[in-house]
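Enquirer: Sharing a sequence plus its predicted fold:
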Amino acid sequence: MKNIHPDRVHLLGESSCRDQGQYVLYWMSLSFRAHWNYALEYAVGLAEATDSKVVVLVSLEPQQTHLNARHLTFLLESLPEIEQALADRGIKCITRVAPIEKNIEALTADAFAIVTDCPYLDEDRDWLERALNVAQCPVTQIEGNIIVPVEAVSSHQEYAARTLRPKITECYTDYLEKPTSSMLPKSSLNMSLKGEDTSAPGNLLQQIEFEQSVAPVTEYYTGGFSAAKSRLDHFLHNDLEAYEDQRQSPTQPAVTQLSMYLSMGMIAPAYVLKRIEAYLPSENAAALREELLVRRELACNFVYYADHYDRLSALPDWAQQTLDEHERDQRPHRYTRSELEAGATHDDAWNACMNRMKEYGYLHNHMRMYWGKQILIWCNTPDYAHQTLLYLNNKYFLDGNDPNSYANALWVFGLHDRAWKERKVFGKVRPMNHNGLQRKIDLETWLQMDPAQ
Ligand SMILES: Cc1cc2nc3c(=O)[nH]c(=O)nc-3n(C[C@H](O)[C@H](O)[C@H](O)COP(=O)(O)OP(=O)(O)OC[C@H]3O[C@@H](n4cnc5c(N)ncnc54)[C@H](O)[C@@H]3O)c2cc1C
């Protein structure tokens, strides 16, 4: 249906639709975009089949446990554009602040069906579960924030990029389909369903309890599809041709800075890859495909199949064993979580990483690797280090709370990697230290650079 690959579609009951209703409800839970949105177009397809309309719900929990002021502001910035694009197609989009049970109960009594996005993280799966408990009509989940649906590429947790790569590169071109987007004959715009005014995010935020201490980064990153697309366009015209060489160079960062948009579903990864494909067989395009397809979807594979993806117990045996064996090694320096969060260590480069995360919500991949590896060696135990890393990562990065956050936090401790030569504290886990960083990048230049450029 609608040129959507059947592997993306998961019926959570026996059928996708019941035989009565007034509209099809698309609960936009994780794909905050109207462009290239498989779940939205699937809902439109169901509405065509039932000769009805589509209503889109954005549901915001009144008490947020994972999204703080920075994340919420970015998310809310995307909504007016979505509402406008949907209104242009005769689709009403309503934003409501209430527990999901209340919103789903209120809106499903008259719905033929619910269509929603596919969650991978526990908190999102729990949210869906709560909605399912009260839904009065069939629910279909669509995997649209990934290029190849997780189960379509592998039936188990992959060991490393090298085990996922051959499988995913063989099949991904089957999943770059653009969903057909059509105009529905029946508009839902005149329905009397009430929602919040998203053009005044301040009013909306007043109804939500959330961690306020982390300031929004609107000056640097504006939420929404248009902003994401501008970044992509700019990157393709200016930076792609340097990507392979400079991807690991924080002083000449030729990277997309799309991670926060991908994380909040503001741009479809299949659309991004389709745009990159136009530049193949260039080595730069292939290098970006490696990150966007292999690395990003390895993280989805990991959180989908691993037990406790947020604990060290999800590491391979060799990594757990070596970290245990070195747990009592003398650390070169020891810091508490609050010293780290304050950026108050002896290491200027590390402090700058912490301060830039706090100020901009983003850090270049190479510096994230350095930042994470030092937390491993400066905390009392690997477990405390891992919990601290995750806490800081998800609090300050705009792209935090993502499958990538959990996979990369554990990569610091050996996930998806191999054993290296054994040394103090790291054991056989890949080491990274200040001397190595200094050899690889021009630290003075990086410290003086304006990160907003
Ligand atoms: C300690 C640590 C913590 C990290 N935390 C996060 C996080 O919270 N959220 C997050 O999205 N990424 C995280 N990463 C992965 C990576 O650093 C970022 O995805 C990347 O830097 C984002 O910048 P970009 O969009 O310019 O990347 P680009 O180089 O332009 O890559 C394009 C896209 O590919 C994906 N990608 C790139 N590198 C990786 C990678 N190593 N693993 C998985 N996918 C990748 C991202 O979706 C990215 O947007 C972390 C890495 C480390 C080492």
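Expert: Everything's here; your move.
Enquirer: which parts of stretch 65-78 are buried?
Expert: For stretch 65-78, a neighbour-count test (16 or more other C-beta atoms under 10 Å) marks Leu67, Asn68, Ala69, Arg70, His71, Leu72, Thr73, Phe74, Leu75, Leu76, Glu77, Ser78 as buried. No exception for glycine: its C-beta is placed from N, CA and C like everyone else's.
Enquirer: do stretch 115-132 as well
Expert: Neighbour-count burial for stretch 115-132 [16+ other C-beta under 10 Å]: Val115, Thr116, Asp117, Cys118, Pro119, Tyr120, Leu121, Asp124, Trp127, Leu128, Ala131, Leu132.
Enquirer: The residue of the chain most remote from its centre in helix, strand or coil?
Expert: In the chain, Gln330 marks the outermost C-alpha relative to the chain mean, sitting 36.3 Å out by C-alpha atoms, centre = their mean. Using DSSP: H, G, I helix; E, B strand; the rest coil, the structure places Gln330 in coil.
Enquirer: Pop out the phi and psi values for it.
Expert: phi -60, psi 130 (degrees, to the nearest 10).
Enquirer: For the ligand, see how far away the residue nearest to it when sequence neighbours are not counted is.
Expert: Nearest residue to Gln330 in three dimensions, chain neighbours excluded: Lys424, at 7.3 Å (C-beta to C-beta, 6 or more residues apart in numbering). Here the criterion is C-beta to the nearest ligand atom, to the nearest Å. By it, Lys424 lies 21 Å from the ligand.
Enquirer: list the contacts for Lys424?
Expert: For Lys424, the contact set (C-beta atoms under 8 Å, 6 or more residues apart in numbering) comprises His326, Asp329, Gln330.
Enquirer: Go ahead and confirm the second one touches Val425.
Expert: Okay, so that is Asp329. Yes: Asp329 is within contact range of Val425, at 4.7 Å (criterion: C-beta atoms under 8 Å).
Enquirer: Get me the contact residues on the protein for the ligand.
Expert: For the chain, the contact set with the ligand under C-beta under 6 Å from any ligand atom comprises 247, 255-259, 262-263, 291-292, 295-296, 299, 365, 368-369, 372, 393, 397, 399-400, 402, 404-405, 408-409, 411-412.
Enquirer: who's in contact with stretch 381-388?
Expert: 311-312, 323, 327, 337, 340, 375-379, 409-410, 412-413.
Enquirer: all strands in this structure, in order from the N-terminus.
Expert: If DSSP state E is used as the criterion, the strands of the chain fall at 9-11, 23-27, 53-60, 92-97, 111-117, 139-142.
Enquirer: and those strands, which is most packed in?
Expert: Looking across the strands of the chain with neighbours counted as mean count of other C-beta atoms under 10 Å, the highest average goes to strand 23-27: a mean of 29.
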